[in-house]
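Participant: sequence and predicted structure are below.
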Amino acid sequence: MYLGVDYYPEHWPKEMVEEDIKGIKELGANIVRIGEFAWHLMEKEEGKFDFSFFDNVISKLKEENMKVMFGTPTATFPAWLAHKHPSILSEDENGNQRVFGGRRQYCFNSDIYREYSIKITTELVRHYKDEPAIIAWQIDNEFGHEGSDMCYCEQCHTKFQKFLKERYQTIDHLNETYGTIFWGQTYNDFNEIPIPKKTITTHNPSLQLDWARFRSYSVNSYAQEQTKLVQQLKGEHQLVTTNVSGGFFDKWFDHEENVELMDFVSYDNYPVWGGLAEPITPATIAMNHDFNRGLLDKNYWIVEELMGAQGHNVIGYLPRPNQAKMWSYQAFAHGCTDMLYFRWRGMTKGAEQFCYGVVDHDNKYGRKYQEVQSFFKDISKYEDVIKSDINAEVAVLYDYDNIWSWRFQTQSQEFNFTNELMRLYTPFYKFNTKMDVIPTTRDFSRYKVLVVPALQVIDEELGNRFKQFTQNGGTIIFSFRTGIKDKNNNIHFKKALPGFVAEIAGINISEIESLSSNQYVEVKGLGQYASNKGTCSVWRDIIAPITAETLYSYVDPFHSEAAITKNSFGKGNVYYVGGGIDEEILTEIAKEVVTETGVSFIESEPGIEVYEREANGEQYYFIMNHTAELKSFENVSLQAYESKIIKK
Ligand code: GLA
Ligand code: ZN
C-alpha cells in the first residue's frame, strides 16, 4: 500500500528538500508524486534535456526509502514552445486562440504538439526507466479538465472532416444519416462540413454528436499515443496511470477509452473546491469513487486527496476537523488502495497560492498534518481488506453518446445528466448498497439490479441485452426519455416509446412534458403506496401501462396516467420512473427492489455511511459519519465527521 503526498520540490529553495522529505516521512508516507508540471525544468531550451534537479531529489527520497510516481509534464508546455509554434495553442468557440499561461491550452490535434510531447516523454522515461524508486508514471494531468477537451481550431476542423469521411465513406451516407435535407443542409463534400460552433438557433443533432465523438477521439488518441510510448519505454517494475478529474460526465471524452491501455486508474478526490459553500453530497462523492473503480473494473488509486480548502481565484469550504480524513476512509471503503494527498505544502507564488495542502504557508505541522499522520497509521493496518474485491450486486449504467446527446439538447432547462443519475443512485446509496457505475457496453449479466438513468439512446442490440437480463431474472429501473433515440442521435421512427425496451417495460409513452424551473407535478401512490404523495420535476413521460402495474400516477385533471410503473417480464421485473420523481418516493422503491431481489443492504441513520468489505473470511464495516452531529451505527457511536473500521 502506497501512502503519500504530491510534492513540488521545484517550488522551494533546494535546501528545503531534505527537511521536507523528513517531514513527509514522519507522516507515515512511503511515496511522493513529482514532476507533472516541470517540463521547462527538464528542457529549458529546445532539445537540451536536463534531469539533474530530479536526479538529486530522487536520490534524497531514496535515502528515506521513499518511492516515486513521476508525472509526464505535457499538461504544461514551456513558453519557448508556444512562442516558436503558436499553432499548438487551442482555440475557443469564438475563434480566440488561448494564450500561454494557465495550463492544458494545447490542441490535441496539433501534430507539432504531439511531436514535442513524444520527445520530452521519451527522454524522461528513457532517463528513469531503470530507476527502482520510480514505481509509476502518471500520463499528463487530468486530461480534458478545465475546458481543455474542446478546441475549435482549423487543425481540429480539418481532422474532424477526415474523421467523418472515415466514418461515413460517402457524403450521401452522411447526408442520409444526418437528415441534412432538413433546412436544406445537404453537403456535396466533406470539406463543406463545419465544426458546430455558435450559429443562429441550433445545429443538426447527428452532427453535434459526431463532433462530441471527434472530441473524444482527439483527447483519447493523444492520451493513448502517450500511454503506448510510456508502456514501451518504461522499466518492467513501473506501472502507468493517469489522474481522472471530477466532473467526468461533463467532459467531452469517453473515460473508459482514455484509460484502457493503462495499468490502473488514479482519481483526484475533491469533495469541495473553489466557490462551493458546502461539499458535494456524500452520495455524489461515493458515486465518483464507484465510477473510477468501474473504469478498469478494479481497485484504483487516489493521487490527489483533498486535505485543505482549495481554489484558484475563489476558495471553497474549509473541511471541518476529521472531515477530510473521513472522506479518505470513504475512498478506501469504495475501492481505493493507495492514496496521496494534494499537496505537501501550499505554494506562496503562482496560480495556486490558495490551494492549501497538508502543511500551510507557515510551514508548521498543524491539525491537517496530524490528521493525515493518524489516518496513514490506521489505514495501513487494513491492507488485505482494502485490496479485496467489492462484488457489487447493482450496476448503474451510463453511455457517453447518450450524455453528449443530452448536453446538446437538454429538452428541459432543468436537465442535468449527473443529477438524474444521482436521482436513482442516492436511494440505493441510502441503503448502503454496493454499486458499480459502468458503461452500457460492459457485460452486465452478473448483476441482480441495473439502474439506468435517462438512457435515451438505445439501439436494438442494447435493447436485446436488457431483455435477456430481465428474462434471466434481473431487475431494471429505467427513468424518463428512455429509448427514444438511435445511435445517430435521431428519434426512432414508427416505434412506440420507450422503443426497444417497451416490451420489457410493459408500457407505452402516450405524451410528454418538459417541466421548467420551479414547475412540479404532484404524484400519488396506488396499491401498497396508496398513502404516499410526492412531486415530479424536470420532465414527465405520461405512461400508458400495457402489461405493467401502476405504482404512482400524476395528480392532474388532464393527464392522470401512470408516473411510475412495474412490469414483470421473464423471471425479472422492469420499473419505469417516468419523471424527476422526488427522493422520498424513490427511496421506497429502492427498498422494495433490494428486498425483492435479495441485494444485500444495510440500514443506517441518515448521514451514516456503512460499507461492508471482506478479507480472509472476515467481514469489516467502514463506517463514516458525514455529519457534524454525534451519530451511531449498531452499538458504535461516532463523533462529528468521525470514521471507524470495525470487524463485523
Ligand atoms: C487538480 C490538479 C492539481 C491542482 C489541484 C488543485 O486536481 O490536478 O494540479 O490544480 O486540482 O486543487
Ligand atoms: Zn484544435
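Facilitator: Now that the structure is in, tell me what you want to look at. Ligands and ions are numbered 1, 2, ... in the order given.
Participant: what sits against residue 354?
Facilitator: Shown in contact with residue 354 (Cβ atoms under 8 Å, 6 or more residues apart in numbering): 274, 309, 310, 311, 312, 313, 315, 346. Every residue, glycine included, has its C-beta placed from N, CA and C.
Participant: surely the first one is in a strand?
Facilitator: So the one you mean is residue 274. No - read with DSSP: H, G, I helix; E, B strand; the rest coil, residue 274 is coil and lies in no strand.
Participant: what is the burial count for it?
Facilitator: Number of residues near residue 274 (other Cβ atoms under 10 Å) recorded here: 16.
Participant: just the pLDDT for the closest residue to it other than its chain neighbours.
Facilitator: Distances taken as Cβ to Cβ, 6 or more residues apart in numbering place residue 311 nearest to residue 274, at 2.8 Å, with adjacent residues excluded. pLDDT, residue 311: 94.
Participant: which SSE is residue 352 in?
Facilitator: According to DSSP states H and E, residue 352 maps onto no helix or strand at all.
Participant: from residue 347, how far off is the residue lying closest to it once chain neighbours are set aside?
Facilitator: Using Cβ to Cβ, 6+ apart and skipping residues adjacent in sequence, the residue nearest residue 352 is residue 312, 6.6 Å away. Per Cβ to Cβ, to the nearest Å, residue 312 is found 12 Å from residue 347.
Participant: overlap in contacts, those two.
Facilitator: Joint contacts of residue 312 and residue 347 (Cβ under 8 Å, 6+ apart) are residue 355.
Participant: follow-up on the earlier one: OK, contacts around the residue nearest to residue 352?
Facilitator: Contacts for residue 312 (Cβ under 8 Å, 6+ apart) come out as 274, 351, 352, 354, 355.
Participant: cool, and residue 153?
Facilitator: Residue 153 is in contact with 87, 90, 91, 97, 107, 109, counting by Cβ under 8 Å, 6+ apart.
Participant: could you check how far it is from ligand 1?
Facilitator: Going from residue 153 to ligand 1 by Cβ to the nearest ligand atom, to the nearest Å gives 24 Å.
Participant: backbone dihedrals for that residue, please?
Facilitator: phi -80, psi 170 (degrees, to the nearest 10).
Participant: use 13 as the first number from now on
Facilitator: All set: I'll call the first residue 13, so the last point we hit is now residue 165.
Participant: gap between the helix or strand containing residue 230 and the chain center?
Facilitator: Assessed by DSSP H and E, residue 230 sits inside helix 217-245. Computed by Cα atoms, centre = their mean, to the nearest Å, the chain-centroid distance of helix 217-245 equals 17 Å.
Participant: same check on stretch 495-510?
Facilitator: In terms of Cα atoms, centre = their mean, the centre of stretch 495-510 is set 27 Å apart from its chain centre.
Participant: can you give me the end-to-end span of that stretch?
Facilitator: Stretch 495-510 has an end-to-end distance of 5 Å (Cα to Cα, to the nearest Å).
Participant: need the residues that contact it.
Facilitator: 189-191, 217-218, 220-221, 413, 417, 420, 467-471, 475, 490, 494, 511-514, 517, 519-521, 553, 588.
Participant: the closest residue to residue 190 other than its chain neighbours: neighbour count?
Facilitator: Nearest residue to residue 190, sequence neighbours excluded (Cβ to Cβ, 6+ apart): residue 218, at 4.2 Å. Residue neighbour count, defined by other Cβ under 10 Å, stands at 19 for residue 218.
Participant: go ahead and flag the most central residue of the protein.
Facilitator: Nearest residue to the geometric centre of the chain (Cα atoms, centre = their mean): residue 260, 3.5 Å.
Participant: okay, that one and residue 437: tell me how far apart.
Facilitator: According to Cβ to Cβ, residue 260 and residue 437 sit 14 Å apart.
Participant: what about the closest residue to ligand 1 within the stretch 163-312 of the chain, which SS state?
Facilitator: Across the stretch 163-312 of the chain, no residue is closer to ligand 1 than residue 280, which sits at 4.0 Å (Cβ to the nearest ligand atom). Assigned by three-state DSSP, the conformation of residue 280 is strand.
Participant: over to the nearest residue to it once chain neighbours are set aside: give its phi and psi.
Facilitator: Nearest residue to residue 280, sequence neighbours excluded (Cβ to Cβ, 6+ apart): residue 316, at 3.7 Å. Main-chain torsions, residue 316, degrees, to the nearest 10: phi -150, psi 100.
Participant: count of residues packed around the closest residue to ligand 1 within the stretch 13-162 of the chain?
Facilitator: For the stretch 13-162 of the chain and ligand 1, the shortest gap (Cβ to the nearest ligand atom) falls at residue 154, measuring 4.6 Å. For residue 154, the neighbour count with other Cβ under 10 Å is 23.
Participant: wait, doesn't it sit right on residue 280?
Facilitator: Yes - with contact defined as Cβ atoms under 8 Å, residue 154 counts as touching residue 280 (6.4 Å).
Participant: which strand or helix spans residue 625?
Facilitator: strand 620-627.
Participant: buried sites along whichever helix or strand comes after that strand?
Facilitator: Where DSSP H and E defines the elements, the next helix or strand beyond strand 620-627 is strand 630-637. Going by neighbour count (16 or more other Cβ atoms under 10 Å), the buried part of strand 630-637 is 632, 633, 634, 635, 636, 637.
Participant: do the same with stretch 251-259
Facilitator: Buried-residue list, stretch 251-259, by 16+ other Cβ under 10 Å: 252, 253, 254, 255, 256, 257, 258.
Participant: and those, which is closest to residue 399?
Facilitator: Residue 399 lies nearest to residue 253 out of those, by Cβ to Cβ, at 16.4 Å.
Participant: identify the bridge partners of the closest one.
Facilitator: Taking DSSP bridges, one obtains residue 150 as the residues bridged to residue 253.
Participant: where's it relative to residue 412, distance?
Facilitator: Separation of residue 253 from residue 412 (Cβ to Cβ): 21 Å.
Participant: same deal with residue 40?
Facilitator: Between residue 40 and residue 412 the computed distance is 39 Å (Cβ to Cβ).
Participant: so which of the two has more stuff around it?
Facilitator: For the pair residue 40 and residue 412, the greater number of neighbours falls to residue 412 (24 against 17), based on other Cβ under 10 Å.
Participant: wait, residue 463 touches residue 436, no?
Facilitator: Yes - with contact defined as Cβ under 8 Å, residue 463 and residue 436 form a contacting pair (4.8 Å).
Participant: which neighbours do the two share?
Facilitator: What both residue 463 and residue 436 touch, as defined by Cβ under 8 Å, 6+ apart, is the set 408, 489.
Participant: for the longest strand seen in the chain, buried residues please.
Facilitator: Counting residues, the longest strand found in the chain (DSSP state E) is strand 545-557. Across strand 545-557, burial judged by 16+ other Cβ under 10 Å covers 546, 547, 548, 549, 550, 551, 552, 553, 554, 555, 556, 557.
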